[in-house]
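Q: Provided below are the primary sequence and the corresponding predicted coordinates.
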Amino acid sequence: MFGIPGKQAVTITDKAASQIAKLMEKDGHQGLRIGVKKGGCAGMEYTMDYVTEVDPLDEVVEQDGARVMIAPMAQMFLFGTEIDYEISLLEAGFKFRNPNVTEACGCGESIKFDDALTPKP
């Protein structure tokens, strides 16, 4: 596991925990797995997938009935991130406040990390 012993890689706001718990109830999901992948105009994108089985290598963060699993390859990118859920007049969705992001595109879907974190091809 990456990070500081005893400190969770991510924090979840109350709004995000409530939304994740609702999603978990649907179809018996065990939680949401969060990761990152190459893509988008800034180079990387967050991924979120329903989980039916917990991978023993994932870091598990639980709060108020919500469970988030962080894929092993994403742990160093997500350490220190706050996951929130915001509702506005035009959209609703999860928002990531990630101190490791050095740049984000205008659409808000694509991010760039410090070159030291980014895997080389």
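A: Ah, there it is.
Q: these two touch, right, L32 and M48?
A: Yes: counting by C-beta atoms under 8 Å, L32 touches M48, with 5.4 Å between them. For the C-beta atoms, the positions are set from N, CA and C on the backbone; glycine is no exception.
Q: chain center to stretch 17-27: distance?
A: In terms of C-alpha atoms, centre = their mean, to the nearest Å, the centre of stretch 17-27 is found 15 Å from the chain centre.
Q: Sorry, wrong one. I was asking about stretch 9-24.
A: Distance, stretch centre to chain centre, for stretch 9-24: 11 Å (C-alpha atoms, centre = their mean).
Q: Residues contacting that stretch, please?
A: For stretch 9-24, the external contacting residues (C-beta atoms under 8 Å, 6 or more residues apart in numbering) are 2-3, 29-32, 34, 50, 59, 61, 63-68, 70, 75, 78-86, 94.
Q: Mind checking which of those are buried?
A: Buried by 16 or more other C-beta atoms under 10 Å: 3, 31-32, 34, 59, 61, 63, 66-68, 70, 75, 78-81, 83-85, 94, out of these.
Q: Now intersect those with the strands, please.
A: Of the buried ones among the contacts of stretch 9-24, the ones assigned to strands by DSSP state E are 31-32, 34, 59, 61, 63, 66-68, 70, 81, 83-85, 94.
Q: out of the residues you listed, what pair is the most spread apart?
A: E59 and Y85 (20.2 Å; C-beta to C-beta).
Q: So for the helix or strand where A21 lies, what gets flagged as buried?
A: Following DSSP states H and E, one finds A21 within helix 14-25. Buried residues in helix 14-25, counting neighbours by 16+ other C-beta under 10 Å, are found at 16-20, 24.
Q: show me the contacts for the residue most central in space within the chain.
A: Geometric centre of the chain, nearest residue: I34, 4.1 Å, by C-alpha atoms, centre = their mean. Residues near I34 by C-beta under 8 Å, 6+ apart: 10, 46-48, 68-71, 74, 78, 83.
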